[in-house]
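In: build me a structure from this.
(chains A and B)
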Amino acid sequence: MNISPLIDQLIDALRCLPGVGPKTAQRMVLHILERDRAGGTRIAQSLTQAIDGVGQCRNCRILTENELCEICASRSRDETLLCVVENPADVLAVEQAGGFRGKYFVLMGHLSPIDGIGPDEIGIDQLLARVQRDSVKEVILATNSTVEGEATAHYVSEQLRPMGVDASRIAHGIPFGGELEFVDAGTLAHAMDGRKKI
Amino acid sequence: MVSFSELTPAFILHSRRYRDTSLICDLFTQNFGRFSAVARGATGPKPRFKGVLQPFVPLLMSYYGAGELKSVKNVDFFAQPIHLTGNKLLIGLYVNELLNRLLGTYDALENVYMMYAQLIRQLETSDDVEPLLRRFEFLLLSELGYGVSLQSEVGTGREIVPEENYVFDAERGFTLASSHETREFVCKGIHLLAISNNDFTQDDARSVAKQVVRIALQPLLGNRPLNSRILFSKRQ
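Out: Numbers count the residues shown, from 1 in each chain, chains lettered A, B, ... in the order given. Below is the predicted model of the structure:
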């Protein structure tokens, strides 16, 4: 049923969000128009400002409205320790976990030959240039524990080797608090391979 | 006849995100050949089939849906997961890209499936992977109907002579090189015979095998290059 073209247009626009189907979009639109028009205006304004203002950090490629993100601009962080991740969400995840005092580099994806994503698309040149410029001592490869994530980590580590920079890979295996009985076979096999001396 | 709703052996060649939490998986299966299936709810905070839907894992999968694009019903491990690392992982990705490009959909090629399963398993443990890969490529070409005859000349049918020089044409095969051959790739009979005997001990034979495969694959791949091959060349 068509109530009004503007409402339809808005419902359609909201559907680009993750987790929002036609029904949810319709509820959102009706809520804003019936009960919270001020809230709607605020969404519209912040959205426009964010889209116009937010770009990528010159240094680490994370999303920011400044030329350098807060982490890159921070003086208290160790710039010789670099953590390479696939997505901005991964930076947030590592930050929330706490304990890491170095800086980041966001690849914005992973190597995936079948999809035509190669080293150029994920900014490997930029990463290597940064490692050189900041005299990075160790690069922590925190790409996902998927086949593509592993391939990306391997490729980056190969490029770093001639530069004499240490590359390390984050550990994967049994989750903290996990019970072996309920861990899937693939993870358990990885955990056995990656065991370490105590 | 096996049905899609039964658990049957499969490998994932590649997967990509679809909608919020689903994956579209390009599969290579023993009974139905290559096709794609949606695995609903396979990503996100509480994924179904957690840690299972990855390339190089021997799986048992069942499907539903009547259309070209199936949906994944169930997944289980078939055998111990194969753990490829380093260069072997890149070779694995190359083989997957090759199969994704060359195999038609729903074309059951049980021999190719068996060869693939064996190759991936051997890649994991072998230190010298080049001969394994070449053997797989030659077998794949012949299973697809583009077999390369390494023992006889095309046209004349004469046996390949170790001391002679030969040139290779993807559409025809090997012919004796003339004394004023202009083509770049000329190879010795002795190396062709070595390759046909699965003897890859000499570096020259390896290099010949690599070039023959490359030329033979070219018409099948068309103008679009293999991205994993580009990735390999960028590493040097």
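
In: mind listing residues that contact the longest helix seen in chain B?
Out: The single longest helix within chain B, with elements called by DSSP state H, is helix B:203-221. Applying C-beta atoms under 8 Å, 6 or more residues apart in numbering or on different chains, the external contacts of helix B:203-221 come out as B:98, B:101-102, B:130-131, B:134, B:137-138, B:141, B:144, B:146, B:148, B:168-171, B:185, B:187-188, B:191-192, B:194-195, B:199-200. For every residue, glycine as well, the C-beta is placed using N, CA and C.

In: can you pull the buried residues of the lowest-mean-pLDDT helix or strand in chain A?
Out: Of all helical and strand segments in chain A, the minimum by mean pLDDT, DSSP states H and E falls on helix A:185-193, at a mean of 83. Residues A:186-191 are the ones in helix A:185-193 that count as buried (16 or more other C-beta atoms under 10 Å in any protein chain shown).

In: ok so, going back, any of the contacts of helix B:203-221 buried? List them.
Out: B:98, B:102, B:131, B:134, B:137-138, B:141, B:148, B:168, B:170, B:187-188, B:191-192, B:194-195, B:200.

In: in helices, which of those fall?
Out: Short answer: those in helices (DSSP H) are B:98, B:102, B:131, B:134, B:137-138, B:141, B:191-192, B:194-195.

In: what's the closest of these to chain A?
Out: Comparing these against chain A with C-beta to the nearest C-beta places residue B:98 closest, at 10.1 Å.

In: give the contact list for the nearest residue to that closest one once chain neighbours are set aside.
Out: Closest residue in space to residue B:98, ignoring its immediate chain neighbours: residue B:226 at 6.8 Å, by C-beta to C-beta, 6 or more residues apart in numbering or on different chains. Listed by C-beta under 8 Å, 6+ apart, the contact partners of residue B:226 are A:113, B:94, B:97-98, B:101.

In: over to residue B:39?
Out: Taking C-beta under 8 Å, 6+ apart, one finds B:15, B:22-25, B:48-49, B:53, B:71-72, B:75 in contact with residue B:39.

In: most neighbours among those, which one?
Out: Counting neighbours by other C-beta atoms under 10 Å in any protein chain shown, residue B:25 comes out on top of the contacts of residue B:39 with 28 neighbours.

In: where's that one relative to residue A:158, distance?
Out: Distance from residue B:25 to residue A:158, counting by C-beta to C-beta, to the nearest Å: 28 Å.

In: same question, residue B:4
Out: Taking C-beta to C-beta, one finds residue B:4 at 41 Å from residue A:158.

In: the two - which one has more neighbours?
Out: residue B:4 (19 against 14).

In: give me the nearest residue to the more buried one, chain neighbours excluded.
Out: Going by C-beta to C-beta, 6+ apart, residue B:4 has residue B:63 as its nearest residue, at 4.4 Å.

In: so what does the one residue in chain A that gets nearest to chain B have for phi and psi?
Out: Per C-beta to the nearest C-beta, the residue of chain A with the smallest distance to chain B is residue A:113, at 3.7 Å. Reported as degrees, to the nearest 10, the phi and psi values for residue A:113 are phi -50, psi -40.

In: check it and give its pLDDT.
Out: For residue A:113, the pLDDT comes out at 91.

In: spit out the contact partners of residue 106.
Out: You didn't say which chain, so I picked chain A. A:60-62, A:85-88, A:90-91.

In: nope, chain B
Out: B:32-35.

In: tell me which element residue A:90 is part of?
Out: Element membership of residue A:90, judged by DSSP states H and E, is helix A:88-97.

In: so for that helix, mean pLDDT?
Out: 94.

In: assign residue A:135 to helix, strand or coil.
Out: coil (DSSP: H, G, I helix; E, B strand; the rest coil).

In: how many neighbouring residues does it have?
Out: There are 9 residues near residue A:135, going by other C-beta under 10 Å.

In: which residues in chain B form helices?
Out: B:86-102, B:110-125, B:130-143, B:189-196, B:203-221, B:227-235.

In: which stretch in those is the model least sure about?
Out: Mean pLDDT, when computed for each of these, is lowest for helix B:227-235, at a mean of 85.

In: how close does the nearest residue to residue B:195 once chain neighbours are set aside sit to chain A?
Out: Closest residue to residue B:195 apart from its sequence neighbours, by C-beta to C-beta, 6+ apart: residue B:209 at 4.9 Å. Using C-beta to the nearest C-beta, to the nearest Å, one gets 22 Å for the distance from residue B:209 to chain A.

In: break chain B down into its domains, please.
Out: B:8-77, B:86-235 (automatic domain parsing).

In: tell me which of the ones you listed sits most buried.
Out: Among the domains of chain B, domain B:8-77 has the highest mean neighbour count (mean count of other C-beta atoms under 10 Å in any protein chain shown), at a mean of 18.

In: endpoint to endpoint, it covers what distance?
Out: Domain B:8-77 has an end-to-end distance of 11 Å (criterion: C-alpha to C-alpha, to the nearest Å).

In: next: stretch B:178-186.
Out: 10 Å.

In: ditto for stretch B:125-136
Out: OK, stretch B:125-136 end separation, C-alpha to C-alpha: 16 Å.

In: tell me which residue lies nearest the centroid of chain B.
Out: residue B:95 (4.0 Å; C-alpha atoms, centre = their mean).

In: you'd agree that residue is up against residue B:117?
Out: No - using C-beta atoms under 8 Å, residue B:95 is not in contact with residue B:117; the gap is 11.4 Å.

In: pull the contacting residues for residue A:146.
Out: A:110, B:54.

In: can we see that at 10 Å?
Out: Listed by C-beta atoms under 10 Å, 6 or more residues apart in numbering or on different chains, the contact set of residue A:146 reads A:86, A:110, A:112, A:152, B:15, B:51, B:53-55.

In: ditto for residue A:90
Out: If you count contacts by C-beta under 10 Å, 6+ apart, then residue A:90 has A:62, A:83-84, A:104, A:106-107, A:142-144 around it.

In: state the distance from it to residue B:81.
Out: On the measure of C-beta to C-beta, residue A:90 and residue B:81 end up 24 Å apart.

In: so which elements touch the strand ranked longest in chain B?
Out: In chain B, taking DSSP state E as the definition, the longest strand is strand B:8-18. With contacts taken as 3 or more C-beta pairs under 10 Å, 6 or more residues apart in numbering or on different chains; DSSP states H and E, strand B:8-18 sits against helix A:147-160, strand B:22-29, strand B:33-39, strand B:59-64, strand B:70-77, helix B:86-102, helix B:110-125.
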